[in-house]
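**Q** Fold the following, please.
(2 chains)
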Amino acid sequence: MSRIERCFEALRENGKKGLIPFVTAGDPVSDITVPLMHAMVEAGADLIELGIPFSDPMADGPVIQKANQRALAHNTSLHDVLEMVKQFRQTDEMTPVLFMGYLNPVEAMGYEEFADAAKLSGVDGLLLVDLPPEEASEFNELLYQRDIDPVYLLAPTSTPQRMEIVSLEARGFVYYVSIRGVTGSAALDYGEIKASISEIRQHTNLPVGVGFGINSPERAVKIGEFADAVVIGSAIVKMMEGFDGDKSSVIKAVSDFLRGVRNALDAETHPIVG
Amino acid sequence: MSAYSMPDKNGHFGRFGGVFVAETLMRPLQELTQAYKKYMQDPDFLKELDDDLKYYVGRPSPLYFAAGLSREYGSQIYLKREDLNHTGAHKINNTIGQALLAKRLGKTRIIAETGAGQHGVATATVAARLGLECVVYMGADDIVRQAPNVYRMKLLGASVVAVESGSRTLKDALNEAMRDWVTNVEDTFYIIGTVAGPHPYPAMVRDFQSVIGREARQQILEQAGCLPDALVACVGGGSNAIGLFYPFIDDEAVSMYGVEAAGNGLDTGQHAAPLCKGRVGVLHGNRTYLMEDANGQIIETHSISAGLDYPGVGPEHAWLKDIGRANYVAISNDEAMAGFHDITRLEGIIPALESSHAIAYARKLAPELGKDGIMIVNLSGRGDKDIQTIANIDGVEI
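**A** You can find the predicted model right below:
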């Protein structure tokens, strides 16, 4: 069983919703990422989503685009990001780490070399925005063999056939994109999200996480009514924008925000009484 | 030997091409693939397309025997005059086709990316004619170096959005157009200007552009009485080149030369020649040759020609390179400038800087073909848009 599966099983047993913060690795500086990951776990994160910087992040809005540029300004490479996870694992054996990014840096490293290195570093899942399941079957075999979960997006435009294809290839959880748009866009249509998630559940038994556009405890709670986990990206990444060299104050700001979301989620959910 | 039939049903040209996009775009791309297949066999659609190409674009474009250039370079040079199309380049062959598709699909809004501005102008033109809203994404740096085209697009009623992210050139404009499409996918049709992007774009744009090669093949048979020995065309994304090459692919005796931009030189790193110097990777929805660093980050390209300044290339060119059907070569900024002046002076034709790369390669190829050898050079666009750039390079104040 992978760390991601164990994580969602524990959430289910405790009647809790998963909280998944996203940060871009190496943003704004290299040595903030590992302490930030630990602090986010401390503040209540169940799973960490770590962005692999890419020069052309096509599915991201301006906030995460800038994060990619900041991380690339000092050449954060996929090797560096793997090294960060290895460091994180020295003191955290429990919390799953999901890589999110684009195919080309992985392709440049080579699928097998990446899969081996990811396993060795303690990476648990991989979400490549521009690698749909149709193009991924060979790569997925390498990931399955190493207990690394390929995580796939489903979107408001996904047809039942696509839900079926994703459910066959995906492991760990399914990531529902709550909007038509790029990361960090504004309005959410809760009715559509609720309907889509119940449709997704007819195709897969995997947990469903929801992201893109969740930027407050209120929205997280609302989404938590239908989803198993919420992903929060741009709202956290935005806190890096004003970075003035003081790592501890940025880490504290992120932690405070996440703790607020955690408390709000927990207040709304009711543990199963055994 | 069986006839060439690429791509496969999933948009692959061997290991190249494919569909590498975010989930949100998978359904719209499948719908587009179905619509394009359907309408390319629909007599009414094809009739409307043909009529537009004839009466609005001005096709067929002439195949012109360039006597002066032939004498100077030393072989028989024919120019396919795409510069004489409405809007001044081959780009409109494709935008006419895609806009008619958009109309059939009931889309009310058109978006496009542009580098030199030729595709943007060609898109704004057809959008104006069909009464569709039009938004064109253009790198902030390109907006500066192609100011006349920006003004043309605005006159035609398009909004031009300056893209400030990344390297602020064509690749970033493409990223931004993709982001727009993801956001407005229900009412918006994305007209990609080259044979790159996810399936079906590389095949669809090729099919719309292959009118160039179909005409040229017939014209050369009429005028020279035989097929040419060689075809020459510049390659940025590669749409004018594939448009010329495609109808000749099964004519094995016809060699093909795609000319990339060597910028300041292939060994300087300052160029835009992924087929000559790049590595295989995935960008903008397809697998192809790319300009990238060892970590898979896309690197900045350089060419005096904004239309060639792109780090990727259409996947079919990658395939034609790998199977050895086409040759890919590169021409430097300086060589292109020499080609520009040659054709201007000897033929009275002011070519686009993009097309000047093809002219410059014709000079290199001529001695190999000999004085009886026949080549068709695709004169993909006219040079009006480049006059300021030319003057700057030549140190002339206008």
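
**Q** Residue in the stretch 1-150 of chain A with the shortest distance to chain B?
**A** Residue nearest to chain B within the stretch 1-150 of chain A: A:Ala108 (3.0 Å; Cβ to the nearest Cβ). The way it works is simple: take the backbone N, C-alpha and C, and place the C-beta from them, glycine included.

**Q** and that residue, helix, strand or coil?
**A** Using DSSP: H, G, I helix; E, B strand; the rest coil, the structure places A:Ala108 in helix.

**Q** Same question for A:Arg70.
**A** Assigned with three-state DSSP, A:Arg70 falls in the helix class.

**Q** Any idea how many residues pack against it?
**A** 20 (other Cβ atoms under 10 Å in any protein chain shown).

**Q** who's in contact with it?
**A** A:Thr24, A:Gly26, A:Asp27, A:Pro28, A:Met240 (Cβ atoms under 8 Å, 6 or more residues apart in numbering or on different chains).

**Q** now the residues you listed as TSV including neighbour count and distance to chain B?
**A** Shown next, in TSV, are those (neighbours: other Cβ atoms under 10 Å in any protein chain shown; distance: Cβ to the nearest Cβ, whole Å):
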residue	neighbour count	distance to chain B
A:Thr24	33	14
A:Gly26	27	12
A:Asp27	27	15
A:Pro28	22	17
A:Met240	22	17
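
**Q** Just put the residues you listed in CSV and tack on pLDDT and secondary structure.
**A** CSV is the format used below for those (pLDDT from 0 to 100; DSSP: H, G, I helix; E, B strand; the rest coil):
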residue, pLDDT, secondary structure
A:Thr24, 98, strand
A:Gly26, 98, coil
A:Asp27, 98, coil
A:Pro28, 97, coil
A:Met240, 96, helix
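
**Q** Check these and tell me the two furthest apart.
**A** A:Gly26 and A:Met240 (10.5 Å; Cβ to Cβ).

**Q** Wait, a helix at B:Asp267?
**A** No: the assignment for B:Asp267, made by three-state DSSP, is coil rather than a helix.

**Q** all strands of chain A, in order?
**A** Ranges of strands within chain A are A:18-24, A:48-51, A:97-101, A:125-128, A:149-150, A:152-154, A:174-177, A:208-211, A:229-232, based on DSSP state E.

**Q** Can you list the strands that the last one pairs with?
**A** Which is strand A:229-232. According to DSSP bridges, strand A:229-232 has the following sheet partners: strand A:18-24 (parallel), strand A:208-211 (parallel).

**Q** Repeat that for the fifth one.
**A** Here strand A:149-150 is paired, per DSSP bridges, with strand A:125-128 (parallel).

**Q** average pLDDT for the strand it pairs with?
**A** Summarised as a single mean, pLDDT over strand A:125-128 is 98.

**Q** Same question for stretch B:304-324.
**A** Stretch B:304-324 comes out at a mean pLDDT of 95.

**Q** got the residue ranges for the helices in the stretch 101-250 of chain B?
**A** Here the stretch 101-250 of chain B has its helices, by DSSP state H, counting those that start in this stretch, at B:118-130, B:140-145, B:147-155, B:170-183, B:201-209, B:211-223, B:239-245.

**Q** Please compute how far the third one lies from its chain's middle.
**A** Relative to its parent chain, helix B:147-155 has a centroid offset of 20 Å by Cα atoms, centre = their mean, to the nearest Å.

**Q** what is the orientation angle of that helix with helix B:118-130?
**A** Computed by axes from the mean of the first three to the mean of the last three Cα atoms, to 10 degrees, the angle separating helix B:147-155 from helix B:118-130 equals 20 degrees.

**Q** Mind giving me the packing neighbours of helix B:147-155?
**A** helix B:118-130, strand B:159-163 (3 or more Cβ pairs under 8 Å, 6 or more residues apart in numbering or on different chains; DSSP states H and E).

**Q** Ok, which of those comes nearest A:Val174?
**A** Closest approach to A:Val174 among the helices and strands packed on helix B:147-155 is made by strand B:159-163 (32.3 Å; Cβ to Cβ).

**Q** Just the buried residues of that closest one, please?
**A** Residues of strand B:159-163 classed as buried: B:Val160, B:Val161, B:Ala162, B:Val163 (neighbour count, 16 or more other Cβ atoms under 10 Å in any protein chain shown).

**Q** Please tell me how far the last one sits from B:Leu290.
**A** Looking back up the chat, that one is B:Val163. Distance, B:Val163 to B:Leu290, by Cβ to Cβ, to the nearest Å: 19 Å.

**Q** How about the second one?
**A** Here B:Val161 is placed at a distance of 25 Å from B:Leu290 (Cβ to Cβ).

**Q** From the centroid of chain B, which residue is nearest?
**A** Most central in chain B under Cα atoms, centre = their mean is B:Ser239, positioned 3.1 Å from the mean C-alpha point.

**Q** Would you confirm that that residue contacts B:His90?
**A** Yes: counting by Cβ atoms under 8 Å, B:Ser239 does reach B:His90; the two are 7.0 Å apart.

**Q** that older thread, same list (the contacts of A:Arg70) but as CSV, adding distance to B:Leu379.
**A** Putting the contacts of A:Arg70 into CSV (distance: Cβ to Cβ, whole Å) gives the following:
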residue, distance to B:Leu379
A:Thr24, 46
A:Gly26, 47
A:Asp27, 47
A:Pro28, 49
A:Met240, 50
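
**Q** Can you tell me which of the residues you listed is nearest A:Ala43?
**A** Using Cβ to Cβ, the contacts of A:Arg70 come closest to A:Ala43 at A:Met240, 16.0 Å.

**Q** who's in contact with that closest one?
**A** Residues near A:Met240 by Cβ under 8 Å, 6+ apart: A:Val23, A:Asp27, A:Pro28, A:Ala67, A:Arg70, A:Val250.

**Q** Now render those as CSV, adding distance to A:Val182.
**A** Output for the contacts of A:Met240, formatted as CSV (distance: Cβ to Cβ, whole Å):
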residue, distance to A:Val182
A:Val23, 17
A:Asp27, 17
A:Pro28, 21
A:Ala67, 13
A:Arg70, 18
A:Val250, 24
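
**Q** Count the neighbours of B:Val144 for me.
**A** Residues lying near B:Val144 (other Cβ under 10 Å) number 11.

**Q** Sorry, wrong one. I was asking about A:Thr91.
**A** Neighbours of A:Thr91 using other Cβ under 10 Å come to 9.

**Q** Next one: it relative to A:Ala118, how far apart?
**A** Taking Cβ to Cβ, one finds A:Thr91 at 19 Å from A:Ala118.

**Q** can you list the residues of chain B near chain A?
**A** Proximity of chain B to chain A, by Cβ under 8 Å from any Cβ of the partner chain, involves residues B:10, B:18-28, B:165-166, B:171-172, B:175, B:178-179, B:182-186, B:279-285, B:290, B:292, B:294-299.

**Q** hang on, B:Gly307 packs against B:Val121?
**A** No: taking contacts as Cβ under 8 Å, B:Gly307 lies outside contact range of B:Val121: 11.8 Å.

**Q** Comparing these two, which residue is more hemmed in?
**A** The neighbour comparison of B:Gly307 against B:Val121 (other Cβ under 10 Å) goes to B:Gly307, with 34 against 29.

**Q** how about the nearest residue to residue 146, chain neighbours excluded?
**A** With no chain named, the answer covers chain A. A:Lys119 (4.2 Å; Cβ to Cβ, 6 or more residues apart in numbering or on different chains).

**Q** my bad, chain B
**A** Leaving aside its sequence neighbours, B:Gln146 sits nearest to B:Gly117 (Cβ to Cβ, 6+ apart; 4.2 Å).

**Q** Do you know the pLDDT at the residue most central in space within chain A?
**A** Central residue of chain A (Cα atoms, centre = their mean): A:Glu49, 3.4 Å from the mean position. pLDDT for A:Glu49: 98.

**Q** ok, it - contacts?
**A** Residues in contact with A:Glu49, defined by Cβ under 8 Å, 6+ apart, are A:Ile20, A:Pro21, A:Phe22, A:Val23, A:Val97, A:Leu98, A:Phe99, A:Met100, A:Leu127, A:Val231, A:Gly233.
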